[in-house]
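Novice: got a sequence here, can you model it:
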Amino acid sequence: MLNTLLFYILIFHILWASFAILIHRSKMHRHYDLHPVLEHILRFLIWITYGFYYKNWCSEMVAQHRKHHKISDSWTNYREYDPVSPHIFTLRQLMDFSKIGPGTQLYTSPIDILKYAKDTKDYNDWIENNLYLKYPKVGLVIIWIISTLLFGLPGFIIGGIWRFFNIQIITLTASSLHVIGYRTSSPLVTTDKSVNLFPIGILLAGEELHANHHDDGGKLNYANHWWEFDLGYWYAIIFSKLGLLTFTKR
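Specialist: From the prediction side, this is the model:
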């Protein structure tokens, strides 16, 4: 059982690290540009560990996140609100992907995309259209099969939980970044309730330092103090040394 849990902790980390580097830091905040080889590897890793693919997902996620930063944890009206705030929507609502529309959780309007993600191009290549979008859950099934072959019944049981509830697990983790943790400075946006989940950002590849990131969205290293550590930043350093990543000038 322990080996199975360690296996899925690794899968959990791979998902967060891939998302942090490809989507969050590269696409959403333009911290750096990725070599096509690394970009394809990270897209594959997100597909096989997450399985949450839909048409125009990239531009929608970018717009949603940039809006989240600008009006963090606030509500003005059914158009201007933070769509991913656990302080506006309940956890049950944030985990419900069946009822999304204006004024609801997770909604990104065409106006939001034009406003916040006009510099973002959605993937439209062969592998996107013929594998990732066409078979979004196959990667999760592959992981499930591998864990069953490696670990037997525990791999089958825990793999099944990951296959059917991984989106809820990720949503719960992401929501905790605005609920559980600490701050060492005052938020820039008065309504912002982001916190640092943990000072050692390893499991979530540095995304644990969420309040630090909200305080300075352009900062490459989310660690502000000697006792904080951002693994995602050091991943980027390693990839840059390998010629797979180029930091943008800021």
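
Novice: residue contacts, the closest residue to residue 183 other than its chain neighbours?
Specialist: Counting by Cβ to Cβ, 6 or more residues apart in numbering, residue 183 lies nearest to residue 211, which is 5.0 Å off, once chain neighbours are set aside. Where C-beta positions appear, they are placed from N, C-alpha and C, glycine not excepted. By Cβ atoms under 8 Å, 6 or more residues apart in numbering, residue 211 lies in contact with 181-185, 187, 194-196.

Novice: which of these are buried? Put it as a ChimeraX command.
Specialist: Applied in ChimeraX, the following selects the buried portion of the contacts of residue 211 according to 16 or more other Cβ atoms under 10 Å:
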select :181,183,187,194,195,196
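
Novice: any chance of the contacts of residue 211 in a markdown table, plus pLDDT?
Specialist: Formatted as a markdown table, the contacts of residue 211 follow (pLDDT from 0 to 100):
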| residue | pLDDT |
| --- | --- |
| 181 | 95 |
| 182 | 96 |
| 183 | 94 |
| 184 | 89 |
| 185 | 86 |
| 187 | 85 |
| 194 | 95 |
| 195 | 96 |
| 196 | 96 |
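
Novice: tell me, how many residues neighbour residue 151?
Specialist: Residues lying near residue 151 (other Cβ atoms under 10 Å) number 21.

Novice: tally of neighbours for residue 243?
Specialist: 10.

Novice: thought residue 35 was touching it, still the case?
Specialist: Yes - Residue 243 is within contact range of residue 35, at 6.8 Å (criterion: Cβ atoms under 8 Å).

Novice: could you report the separation of residue 181 from residue 217?
Specialist: Distance from residue 181 to residue 217, counting by Cβ to Cβ, to the nearest Å: 18 Å.

Novice: next one: residue 83
Specialist: Per Cβ to Cβ, residue 83 is found 17 Å from residue 217.

Novice: more neighbours: those two, which one.
Specialist: Comparing residue 83 with residue 217 by other Cβ under 10 Å, the one with more neighbours is residue 83, at 22 against 14.

Novice: quick one: residues contacting that one.
Specialist: 64, 67-68, 105-108.
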